[in-house]
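J.: what shape does this take:
(chains A and B)
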Amino acid sequence: MNERYEPHSIEARWQERWATAGVFEAGRRPGAEKRYVLEMFPYPSGAMHMGHGRVYTIGDALARYLRMRGYDVLHPIGFDALGLPAENAALKDGRHPAERTRENIVGFRAEMKSLGYGFDWGREIVTADPEYYRWNQWFFLKMLERGIVYRRQGKANWCTGCQTVIANEQVVDGHCERCESPVVEKIIPEWAFRITAFAQDLLDGLDGLKDWPERVVTMQRNWIGKSEGAEVDFAVQGSSEKIKVFTTRVDTIHGCTYVVLAPEHPLVARVTAPARRAEVEAFVARMKQTDVEARTGEGAPKEGVFTGAHAVNPFTGETVPVWIANFVLAEYGTGAVMSVPAHDQRDFEFARKYGLPIRVVIQPEQGDRLPAGDALAAASTEDGVLEASGPFSGLRSADARRQMSAVAKEKGFGQPTVRWHLRDWGFSRQRYWGTPIPIIYCAEHGAVPVPEKDLPVVLPPKAIITGTGEPPLAKVPEFVNTTCPICGKPARREVETMDTFVDSSWYYARYLSPKDSTRPFDPEQARRWLPVDVYVGGPEHAVMHLLYFRFWHRVMRQLGLVFEDEPTRRLVTQGIVNGPDGRKMSKRWGNVVAPGPMVKKYGADTLRLFILFAAPPEKDIDWSDEQVDGLFRFLARVWRIFVARQECFGAPAAALAQASGDALELRRRTHRTIQRVTDAFEKELKFNTGIAALMELVNALYQLEPKTDPDRAAVREALVAVATLLSPFAPHVAEELWHEMVGAAGADRLLAAEPWPTFDPTLVAADTVTIAVQVNGKLRGEVQAAAAAGQDEVRALAEADEKVRSHLQGKTVRKVVFVPKRLINFVVG
RNA sequence: GGCCCUCUGGCGGAAUGGUAGACGCGCUCGACUCAAAAUCGAGCGGGGCGACCCCCCGUCCCGGUUCGAGUCCGGGGAGGGCCA
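T.: Numbering: from 1, shown residues only, chains lettered A, B, ... in the order given. I've put the predicted structure just below:
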């Protein structure tokens, strides 16, 4: 065998062998239990970066391990190819997004293959392919039928200069990125998914996601944001109008000293007193031009004006002034709030600023009483006991809320209500590079769905992309002009496209039968493969993508396509790969390290090993040239020990049983290493400790110079273990070494498809152990004892130790704590 | 401001409540070499003390629970994430 480790002379060869043998194809072990390992598919907007390298390396190590454990493993890959960045890039260099995307995908594929990722390439999908997005359209039609898709009036950013809708990303400080004209909010019709209809189910489902990171579950829970409260109607004095407010703190309503409407609230125009009209209108106009962040963001001053109107608190009959203010938004709740300055901080600040009264109605259950409102330093937002609240005085907040909303309902001026933070998902985009929405507008029949048989509605290859936000498809007559499916008269197609989050909401299912041209995927395959067992991706998708993904799964379940409650059982969120300086990799800092050049320099195995060894998957890591060098040296060291122990390759396994002394010790280490590496996969995913265990075994191999047959057999056993255990992490070098070792016997086999080794429990359990000896919890020595030794035996050994004896001298042993195989602690006084 | 997370040698990181610092990087020393690199081997938390055994201190800080706390509980600090 080659004296030196030369990754470039072996890696491509094994990649080819794996591909020809088809070891990564799913479905080749029909009788075996399945495992579906999925990494978030990439958005190929440029070349592959280290972040991609990390996700796929983690997923691949896991998939390779599971395959060796005998599972039928599905490990697919594809490309999230539609979307804004590709369109923006196209704008810059004038190239068509399709062309650029195709090119990037070619690059990604080549890099992924050079990294040795074991994907089932036969299942590759590209979302820009009409054969993929036709099913987005199909889902759209099904959801339209079921009322899950609907048309609504949505808010959009309208550039007053370009006279068009622009994306959030294009709004900079309330101005258009391109022409710098002010951007205002404009209400335009848009398409939306009724995800809120699934809010409760999405919330309930979170409880079952035991193998999701707690923080992701929490973020989803907060995003769904269920809050239980009450709606209460405040009558407007001298009018038949009612102001409906939503509050989670109806228990504080006796402390309400004013009511605030959102400036956009429809009642504003109707209730404003003539004398206040000019001021109110000016304020409303100004708010329309201020974005939400500036109105409600951190440090934004609370601002408002009095409308001149008054409202009646239905609980007290008291009259309070009606204001409008910047911090109340029309789209949250009812667009109106009852203000209780003593018990809400925003209301408190506002009241102080405008000299509105502050009235305390909740006292803490324990501790000091709150001073009168005027003396209050800040709002007290805790629950407590009600006072000055009529018949409800003396109740605790929680009880009061229940009783008061019941009373409101009984008397007809309110009711208990649930409010959600989650909004419906508006998915219309005024963009070209997306899935066309399959709708035809007919003068006579309105918005008509494209019949299923006419799908896909294909994106026209030629379009003028201006980036102004005006839908580019509107300018393609051969696309727009069509006929009404109902009456056949001339009609126009919808020119908006779908949000790309649609593509990624169900791709995991398309992998199951990616070439099916009659349906999105085969439900029978879903029965076999779903749910995804492990889903690996970045935590930046904790909310949007993963929520849409869970939502879509529920829709597919309603459609009878899938049968599980949730799309994925386990979620692994991986950390960022930072530059060597600890900062985020960016051209700006000049600290970008790309996987491609690293593979050229060190080979794929070193890069993979570095990524996995640096830290557990969920932690951020810093790129380190020194560490990478170190990992390369480790692989070279592994190679050298194989070279140095070639004479052991043919050692007979029968001699293993006679191993003794150092050879037996090596065998124990080998088996313990098998256990530790297996644990690294089976418990928490801590590849770093698994690799560390392998390093220890390699170090131990260097310590034993084999002299006898049993020695050589033990060495061979260890070498086999090293190659096999290393293969999920550094598959090429492992494969090469394994073949060198097994020779002709392995000629038509591949390590990638060999079974994972098992350990012998009797070898793992040491027969003698080191037991720590403590006196009063402080380490005072250690003794060697049989693993099975009991307390008395260990105590005798410990007391025989001179150091220990000196600490026990002249003291009374009050208690002895004994932990078998670990320690003995003398408690003395 | 709310919710959540993190904090361990020079660095990345290990440690079911049971010998803190596995493993790697880095550094120091030794072997090999004419020499260097590479390699192989040894050592490296701080201090008492220049080596020995030994002793003291040590996992952000303060307190608690426990025979025993990096780990559990309470309070504080610093950094980060998400939401407002």
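
J.: give me the element the residue of chain A found nearest RNA strand B is part of.
T.: When scored by CB to the nearest atom of the strand, chain A has residue A:630 as its residue closest to RNA strand B, at 2.4 Å. C-beta: built from backbone N, CA, C; applies to glycine. Under the criterion of DSSP states H and E, residue A:630 resides in helix A:625-644.

J.: just checking, what packs against that helix?
T.: helix A:595-602, helix A:604-613, helix A:687-703, helix A:709-726, helix A:731-742 (3 or more CB pairs under 8 Å, 6 or more residues apart in numbering; DSSP states H and E).

J.: need these in a markdown table (columns: distance to RNA strand B, mean neighbour count and mean pLDDT).
T.: Compiled in a markdown table, these are given as follows (distance: least, CB to the nearest atom of the strand, whole Å; neighbours: other CB atoms under 10 Å; pLDDT from 0 to 100):
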| stretch | distance to RNA strand B | mean neighbour count | mean pLDDT |
| --- | --- | --- | --- |
| helix A:595-602 | 13 | 17 | 94 |
| helix A:604-613 | 7 | 27 | 96 |
| helix A:687-703 | 3 | 19 | 95 |
| helix A:709-726 | 13 | 23 | 96 |
| helix A:731-742 | 15 | 24 | 96 |
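
J.: out of those, which comes closest to residue A:757?
T.: Residue A:757 lies closest to helix A:709-726 among the helices and strands packed on helix A:625-644, at 5.4 Å (CB to CB).

J.: report all helices and strands that the closest one contacts.
T.: helix A:625-644, helix A:661-682, helix A:687-703, helix A:731-742.

J.: want to try a markdown table for the helices and strands packed on helix A:625-644, with distance to residue A:188 as columns?
T.: As requested, the helices and strands packed on helix A:625-644 are exported to a markdown table (distance: least, CB to CB, whole Å):
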| stretch | distance to residue A:188 |
| --- | --- |
| helix A:595-602 | 43 |
| helix A:604-613 | 46 |
| helix A:687-703 | 49 |
| helix A:709-726 | 58 |
| helix A:731-742 | 53 |
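
J.: on that earlier part again, ok now the helix holding residue A:630, how far from the chain's centre?
T.: Distance of helix A:625-644 from the chain centroid (CA atoms, centre = their mean, to the nearest Å) equals 34 Å.

J.: repeat that for stretch A:674-686.
T.: With CA atoms, centre = their mean, you get 23 Å for stretch A:674-686.

J.: same deal with stretch A:329-337?
T.: On CA atoms, centre = their mean, the centre of stretch A:329-337 falls 30 Å from the chain's centre.

J.: let's see that stretch as PDB, backbone CA atoms only.
T.: C-alpha atoms of stretch A:329-337 as PDB (Å, rounded to 0.1, in the frame of the first residue of the first chain):
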ATOM      1  CA  LEU A 329     -52.000  48.900  15.300                       C
ATOM      2  CA  ALA A 330     -55.200  48.300  13.300                       C
ATOM      3  CA  GLU A 331     -54.200  44.700  12.500                       C
ATOM      4  CA  TYR A 332     -53.700  43.500  16.000                       C
ATOM      5  CA  GLY A 333     -56.800  42.500  18.000                       C
ATOM      6  CA  THR A 334     -59.600  44.900  17.300                       C
ATOM      7  CA  GLY A 335     -57.400  47.900  16.600                       C
ATOM      8  CA  ALA A 336     -58.600  49.500  19.900                       C
ATOM      9  CA  VAL A 337     -57.400  49.200  23.400                       C
END
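
J.: so which bits of that stretch are buried?
T.: A:329-330, A:333-337 (16 or more other CB atoms under 10 Å).

J.: which of the residues you listed fall within strands?
T.: Those of the buried residues of stretch A:329-337 mapping onto strands are A:336-337, per DSSP state E.

J.: one step back: out of the helices and strands packed on helix A:625-644, which gets nearest to residue A:666?
T.: Short answer: helix A:709-726, nearest of the helices and strands packed on helix A:625-644 by CB to CB, at 4.8 Å.

J.: what confidence value was assigned to residue A:627?
T.: Looking at residue A:627, its pLDDT reads 92.

J.: can you verify my assumption that it contacts residue A:611?
T.: No. Counting by CB atoms under 8 Å, residue A:611 is not a contact partner of residue A:627; they are 10.4 Å apart.

J.: enumerate the residues of the stretch 551-700 of chain A near RNA strand B.
T.: Counting by CB under 7 Å from any atom of the strand, the residues of the stretch 551-700 of chain A close to RNA strand B are A:613-616, A:619-622, A:624, A:626-627, A:629-631, A:633-634, A:636-637, A:640, A:686, A:688-689, A:691-692, A:695-696, A:699.

J.: just the buried members of these?
T.: A:613-614, A:616, A:621-622, A:627, A:631, A:634, A:686, A:688-689, A:691, A:695.

J.: these: which two are farthest apart?
T.: Taking CB to CB, no two of these sit farther apart than A:622 and A:695, at 20.5 Å.

J.: coming back round to it: with distance to residue A:258 added, can I get the helices and strands packed on helix A:709-726 in TSV?
T.: Shown next, in TSV, are the helices and strands packed on helix A:709-726 (distance: least, CB to CB, whole Å):
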stretch	distance to residue A:258
helix A:625-644	62
helix A:661-682	61
helix A:687-703	58
helix A:731-742	69
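
J.: closest to residue A:811 out of the ones you listed?
T.: Taking these one by one with CB to CB, helix A:661-682 is closest: 38.1 Å.

J.: identify each buried residue in the closest one, please.
T.: A:662-678, A:680-681.

J.: from memory residue A:100 sits against residue A:85, does it?
T.: No. Contact criterion CB under 8 Å: residue A:100 and residue A:85 do not qualify, at 10.2 Å.
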